[in-house]
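Undergrad: Give me the fold of what follows.
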Amino acid sequence: MISDTRQQDRPIALWLLFCCGMILAMAVIGAITRLTESGLSIMVWEPFKGVLPPMNQAEWERMFDIYKQIPEYQQENLGMSLDEFKSIFWWEFIHRLWGRAIGVVFLLPFLWFLIRGQIRKPLIPHLILMFILGGLQGGLGWYMVASGFADRTDVSQYRLTAHLLMAFAIYAYLFWIAIGLLFPIPSRNSALSSAKLHIPLYLTPILVTITIASGGLVAGLNAGMIYNTFPLMDGEIIPDAYHALEPWYLNIFENIASVQFNHRALAITTFTITLVIWIWAALLPRSSDLTLAMNLLLLSAVVQVILGISTLLLVVPISLAAMHQAGGLLYLTASLYALYVVRRDKNPALY
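TA: Here you go, the predicted structure:
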């Protein structure tokens, strides 16, 4: 009976993991769109008509004329040619098109599995909620873009961070459900002593998520473009400008020096705790699955730290910065997988 259930769930799990892969690609595309300052190039929201790009010269001119009305063009790109406009238009267009593609790749197989009766009833509400969250993410993306239409030359760092966190939350939701479908049975050599890692491994994805949120603020304020040294900032551990704004709490969200310092501090703290948990796990009897999960977690942490420092020292090259954003998602993935494995080993009856 268990074998039959797993066989039924496997195609659904693989479909959800494929959607996760598309979201990972979306994170890279979104990072490139932001880093090339392309996000404000499309000033209209056309969910269906917008699937097609401008098809003739008149359409290109119309889109360009709309773009000329916003502060970004008037203050930063005045005199931009149509060909230069096209170079930023295409990244935003690909970003939006890929978002629509994720929706289609999710919806059509869902309907197929549903009609064929291949989805167990307890799973259906989860899948419906995933689709609703995807639609809300599209609306949140437009809300983010709209923040750059009137009084500023870029989007709000608050809305950018919210959009980023929503994408990561949807990804985490899909991934958690997928691995639960693929690996519902505990390893035969699971060890109860690994249960000691249960609470610490809950902490890891929380810290990774908070660090990612701080990275969203860094991206929204272009804070990576200054203090391009490590570990010191302008020769200091804590930069002099850390408390430049009043009231004090604005520094957390709007002060470039504070935002970058906080991201560094959170990243170092998260990496250190990950390393401590990995060492602790190495000293405990544990399943082979948990050994693999912990090694993947440490590897993702090391790679992400290297990418982050390299991105900073090289003054945010597009390729490295995009990889750093993807690295954050992979770090979160590894932390969720490690948490899942230790929970499964601790409470096999739940799965």
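
Undergrad: C-alpha only now, for contacts and for neighbours.
TA: Fine.

Undergrad: What ranges in the stretch 251-351 of the chain fall below the confidence cut-off?
TA: For the stretch 251-351 of the chain, the stretches with pLDDT under 70 are 345-351.

Undergrad: likewise the chain?
TA: Applying pLDDT under 70 to the chain flags residues 1-6, 185-195, 345-351.

Undergrad: Which of the three states applies to the residue nearest the centre of it?
TA: The centroid of the chain falls nearest to Phe168 when counting by Cα atoms, centre = their mean (4.1 Å). Assigned by DSSP: H, G, I helix; E, B strand; the rest coil, the conformation of Phe168 is helix.

Undergrad: For the residue found closest to it once you drop the neighbours it is linked to in the chain, give me the backbone phi and psi.
TA: In space, and not counting its chain neighbours, Phe168 is closest to Leu329: 6.9 Å by Cα to Cα, 6 or more residues apart in numbering. Main-chain torsions, Leu329, degrees, to the nearest 10: phi -70, psi -40.

Undergrad: Could you report the neighbour count for Met55?
TA: Neighbourhood size, Met55 [other Cα atoms under 10 Å]: 8.

Undergrad: Report all helices and strands that the helix or strand hosting Ala172 contacts.
TA: Ala172 is part of helix 157-182 when elements are defined by DSSP states H and E. Counting contacts by 3 or more Cα pairs under 8 Å, 6 or more residues apart in numbering; DSSP states H and E, helix 157-182 is packed against helix 2-35, helix 124-146, helix 198-220, helix 318-346.

Undergrad: Can you give me the buried ones in the last one?
TA: To tie it back to what came earlier, the one meant is helix 318-346. Under the neighbour-count criterion of 16 or more other Cα atoms under 10 Å, helix 318-346 has 318, 320-346 buried.

Undergrad: Any idea how far apart the tips of stretch 219-226 sit?
TA: Terminal residues of stretch 219-226 are spaced 12 Å apart (Cα to Cα, to the nearest Å).

Undergrad: burial of Thr36, as a residue count?
TA: Thr36 has 14 neighbouring residues, counting by other Cα under 10 Å.

Undergrad: could you measure it against Gln304, distance?
TA: Distance, Thr36 to Gln304, using Cα to Cα: 22 Å.

Undergrad: can you check Cys20 too?
TA: 19 Å.

Undergrad: on that earlier part again, point out the most buried one among the helices and strands packed on helix 157-182.
TA: helix 318-346 (a mean of 23; mean count of other Cα atoms under 10 Å).

Undergrad: got the angle between that one and helix 2-35?
TA: Here helix 318-346 runs at an angle of 150 degrees relative to helix 2-35 (axes from the mean of the first three to the mean of the last three Cα atoms, to 10 degrees).

Undergrad: name the helices or strands packed onto helix 318-346?
TA: helix 2-35, helix 157-182, helix 198-220, helix 288-313.

Undergrad: redo that, cut-off 6 Å
TA: helix 198-220, helix 288-313 (3 or more Cα pairs under 6 Å, 6 or more residues apart in numbering; DSSP states H and E).

Undergrad: before we move on, which element is Glu46 in?
TA: For Glu46, there is no enclosing helix or strand under DSSP H and E.

Undergrad: returning to that earlier point: between the helices and strands packed on helix 157-182, which one is closest to Ile277.
TA: In terms of Cα to Cα, the element of those nearest to Ile277 is helix 198-220, at 7.0 Å.

Undergrad: Distance of Ile170 relative to Leu275?
TA: The value you get for Ile170 to Leu275, if Cα to Cα is used, is 27 Å.

Undergrad: so how far is stretch 160-174 off the chain centroid?
TA: Between the centre of stretch 160-174 and the centre of its chain there are 6 Å (Cα atoms, centre = their mean, to the nearest Å).

Undergrad: going forward, begin numbering at 318 instead of 1
TA: That works, and once the first residue is 318, the last one we named lands at stretch 477-491.

Undergrad: how about it: buried residues?
TA: Judged by neighbour count using 16+ other Cα under 10 Å, the buried positions of stretch 477-491 are 477-485, 487-491.

Undergrad: quick one: which of these is nearest Ser358?
TA: Leu477 (15.9 Å).

Undergrad: Show me the domain layout of the protein.
TA: Following the assignment in automatic domain parsing, the chain carries domains at 318-501, 504-668.

Undergrad: hmm, back to that, mind putting the helices and strands packed on helix 635-663 into a markdown table with distance to Val422?
TA: Formatted as a markdown table, the helices and strands packed on helix 635-663 follow (distance: least, Cα to Cα, whole Å):
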| stretch | distance to Val422 |
| --- | --- |
| helix 515-537 | 26 |
| helix 605-630 | 28 |
